[in-house]
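Participant: One predicted model, sequence on top.
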Amino acid sequence: MRKYLNYVIFGAVILVVVGLAVNHSRHVKSLVTSLVSGQPAARAAAATELIQTEQFMDSINGETVETRLGAVEALEVTETPAAVKQLLPLLKDQDKSVQARAIVALQKIGAKTPDNLKEMLAGLKDGDTNIRKNSILAFDDPKNGFGPTSGVVAGIVAYMKAEGGARGPGGDVLSSPLFLQKNSQTESVPLLLALIDDKDEGVRGGAIEALGKIGDKAAIPRLITAMQKDTPQTRRVAIGAIALIADVSGEAALTEAVGNPEDNNEARAQAAIGLGKIGTPTAVSTLIKTLKDDDLKLRSAAVVALVRAGRPTPASAPIPMVLAALSEATKSTDESTALGAVGALQGIEAPQTNGTLLVLLDKPGISDELRVATTKALGFTGNKEAVSKLLGLLSNATGSSDAVGTAAQESLTKIGPEAAEPLIAAMSQNDTLGYHVATVLAKQGTSVLPALERGLQTADAAKQRWIAVAMGEMGVAEVRPLLENLAKSPNAEVAFVAKEQLNRMGLTQIP
């Protein structure tokens, strides 16, 4: 009897445990339901209970998108630091709508209290890319980010000091357009400058990097001191920061860095870019001298910097002073200097330097590399003045292996419709030139179709053939009627080429 009694007791215990588990499961399910529906107070209470029992994330994992969205809304209503902590993992939810809703919730409650902000800051150093990126958005989204509200700037700077992983993201937030538009630098810059005296090199470097991103020239004197007196690693970061700020007050420091072969080449390259942004005559002179440096990375950066100095924005006019300095540098007997100057002119795309480049092409004894670079520098939209010279180079091309001829072809293509009429006129000179010209016109696309149509009015059969080839290589629907008309030409060669191009395009051949 005792044995059976034990079985009964054991079974009863199992039933009680199962019953408790079922009741608990039902209770959790009811709490999840309350997250999604009901009055705000009930939703907040459900969220709070699930958080306190450490079941919040487990309870919504695997639920529908609608349920997870409801959970986010419930956390927003809750408005506690614990709610902020639960929202951070939802920034990496597999559904983008849940991520977006979590960002909105954090924007509303993430900085509502100091304790909320403390939890919010943890997202800046999170190892998950989505959590980190979306946390930054909660701070600095141009439309809805909470921005530099009370305590936020000081909180970010303090967290950057405490947590290495937050230094880069913290600097990104402090330098964001939203924060700068609200003049947060008046608070952040002094706080960051104070960190440059910290005993921890990582803290000093993080503060210096952030100051560079913010771009306040008031920081430059202290950055120069750090550059001159701190460790080599901090010096590199300070050079980069001064280069980012790019104020004339930092020109001397950047000039020293560019010319210092003991410095890291990445830091020297950053210094060169900074000088390009400063763009004074002395900065331009330094960059031109740098074009013959032994380090390829630095030389490349100097070219980019000279382009920036010569045309600060794509929409701005070229700077005459820079064009003059570069034009003079193309005459240098040092090959690297001349090549770098031509490379910069290629990036600036100024018609004012056509004369310099055309003269250089005719200069006896220049290297093939410099000739190719000069040819490329003539290729930019609307540069009709260079077409005649480029056609001459193209006519001397022996094929795709001829680097100068290939460069001329590329440049004529970039010039665009302005080159179409002279190109079409040259088509019938010989078949080699006709082929190269047809290739150029095909690459220019439908913008040259009007010129091609006018060219077809000629009785020159060779020109008609090569126009047909150009249209076939273009391969667009608009050329079909023109090719079909050419396929009926009384000239057998013209008709044959037109039919071949129609076949090439996969269109029905005309009998």
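Facilitator: Arrived safely, thanks for sending.

Participant: least trustworthy helix or strand in the chain by mean pLDDT?
Facilitator: When each helix and strand of the chain is scored by mean pLDDT, DSSP states H and E, helix 2-36 comes last, with a mean of 58.

Participant: ok, residue 476 - contacts?
Facilitator: For residue 476, the contact set (Cβ atoms under 8 Å, 6 or more residues apart in numbering) comprises 445, 446. From N, CA and C alone the C-beta is placed, and that goes for glycine too.

Participant: Helices along the stretch 151-300 of the chain, start to end?
Facilitator: Per DSSP state H, counting those that start in this stretch, the stretch 151-300 of the chain carries helices over the ranges 152-162, 167-174, 177-181, 185-195, 201-214, 220-229, 232-245, 251-258, 265-278, 281-290, 296-310.

Participant: Residue 72 and residue 91 touch, don't they?
Facilitator: No - taking contacts as Cβ atoms under 8 Å, residue 72 lies outside contact range of residue 91: 10.2 Å.

Participant: Give the intersection of the neighbour lists for the two.
Facilitator: residue 102.

Participant: okay, these two: which has more neighbours?
Facilitator: Legend: neighbour count by other Cβ atoms under 10 Å for residue 72 and residue 91, higher for residue 72 (28 against 24).

Participant: helix, strand or coil for that one?
Facilitator: Using DSSP: H, G, I helix; E, B strand; the rest coil, the secondary structure recorded for residue 72 is helix.

Participant: For the nearest residue to it once chain neighbours are set aside, list the residues it contacts.
Facilitator: Spatial nearest neighbour of residue 72, excluding adjacent residues (Cβ to Cβ, 6 or more residues apart in numbering): residue 101 at 4.7 Å. Residues counted as contacts of residue 101 (Cβ under 8 Å, 6+ apart) are 69, 72, 73.

Participant: Residues in contact with stretch 172-182: which ones?
Facilitator: Contacts of stretch 172-182 with the rest of the structure, by Cβ under 8 Å, 6+ apart, involve 124, 136, 139-142, 145, 147-148, 153, 156-157, 184-185, 188, 192, 210, 213-215.

Participant: Which of the residues you listed are buried? Put it as a PyMOL command.
Facilitator: What follows is the PyMOL syntax for the buried subset of the contacts of stretch 172-182, where burial is set by 16 or more other Cβ atoms under 10 Å:
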select buried, resi 124+136+139+140+141+145+147+148+153+156+157+184+185+188+192+210+213+214+215
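
Participant: my guess is residue 292 meets residue 333, correct?
Facilitator: No - between residue 292 and residue 333 no contact is recorded; they are 10.6 Å apart, counting by Cβ under 8 Å.

Participant: okay, those two: which has more neighbours?
Facilitator: Of the pair residue 292 and residue 333, residue 292 is the one with more neighbours under other Cβ under 10 Å, namely 16 against 6.

Participant: Identify the residue spatially nearest to the more buried one, adjacent ones excluded.
Facilitator: Nearest one to residue 292, counting by Cβ to Cβ, 6+ apart, is residue 336 at 4.5 Å.

Participant: ok, now residue 326?
Facilitator: Here the residue nearest residue 326, using Cβ to Cβ, 6+ apart, is residue 341, at 4.7 Å.

Participant: Check the gap between the one you found and residue 363 for me.
Facilitator: Here the criterion is Cβ to Cβ, to the nearest Å. By it, residue 341 lies 14 Å from residue 363.

Participant: Take the contacts of residue 101 and write them to JSON lines, including distance to residue 348 and pLDDT.
Facilitator: JSON lines is the format used below for those (distance: Cβ to Cβ, whole Å; pLDDT from 0 to 100):
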{"residue": "69", "distance to residue 348": "52", "pLDDT": "92"}
{"residue": "72", "distance to residue 348": "51", "pLDDT": "91"}
{"residue": "73", "distance to residue 348": "54", "pLDDT": "92"}
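
Participant: and residue 205, how many residues sit next to it?
Facilitator: Residue crowding around residue 205 was assessed by other Cβ under 10 Å; the count is 24.

Participant: Please list all residues in contact with it.
Facilitator: Residue 205 sits next to 167, 233, 234, 237 when contact means Cβ under 8 Å, 6+ apart.

Participant: Could you pull up the residues touching the nearest residue to residue 144 once chain neighbours are set aside?
Facilitator: Leaving aside its chain neighbours, residue 144 sits nearest to residue 107 (5.0 Å; criterion: Cβ to Cβ, 6+ apart). Contacts for residue 107 were tallied using Cβ under 8 Å, 6+ apart; they are 138, 141, 144, 145, 146.

Participant: buried sites along the strand or helix carrying the residue nearest to residue 326?
Facilitator: In the assignment (DSSP states H and E), residue 341 maps to helix 335-348. Neighbour-count burial for helix 335-348, counted by 16+ other Cβ under 10 Å, picks out 337, 338, 339, 340, 341, 342, 343, 344, 345, 346, 347, 348.

Participant: likewise stretch 53-66?
Facilitator: Neighbour counts over stretch 53-66 (16+ other Cβ under 10 Å) mark 56, 59, 60 as buried.

Participant: any idea how far the last one lies from residue 373?
Facilitator: When distance is defined by Cβ to Cβ, residue 60 is 61 Å away from residue 373.

Participant: What of the first one?
Facilitator: Note on residue 56: its distance to residue 373, by Cβ to Cβ, is 63 Å.

Participant: same check, this time on residue 55
Facilitator: 67 Å.

Participant: for residue 491, same thing?
Facilitator: Separation of residue 491 from residue 373 (Cβ to Cβ): 42 Å.

Participant: more crowded one of those two?
Facilitator: In terms of neighbours (other Cβ under 10 Å), residue 373 is the more surrounded of residue 491 and residue 373; the figures are 23 against 15.

Participant: Quick check: the more buried one touching residue 344?
Facilitator: No - under the contact definition of Cβ under 8 Å, residue 373 does not touch residue 344, with a separation of 10.4 Å.

Participant: which residues are in contact with the helix holding residue 341?
Facilitator: Under the contact criterion Cβ under 8 Å, 6+ apart, helix 335-348 has outside partners 288, 291-292, 299, 302-304, 306-307, 310-311, 318, 322-323, 326-327, 329-332, 353, 356-357, 360, 366-367, 369-370, 373-374, 376-377.

Participant: If we use 7 Å, what do you get?
Facilitator: With contacts defined as Cβ atoms under 7 Å, 6 or more residues apart in numbering, helix 335-348 is touched by 288, 291-292, 299, 302-303, 306-307, 310-311, 318, 326, 329-330, 332, 353, 357, 367, 369-370, 373-374, 376-377.

Participant: now swap in stretch 249-265 and tell me
Facilitator: Stretch 249-265 is contacted from outside by 217, 220, 224, 227, 236, 239, 242-243, 267-268, 271-272, 274-275, 278, 280, 282-283, 286, 290, 295, 297-298, using Cβ under 7 Å, 6+ apart.

Participant: Following element in sequence after the helix holding residue 341, please.
Facilitator: Scanning forward in sequence from helix 335-348, with DSSP H and E defining helices and strands, the next element found is helix 354-361.
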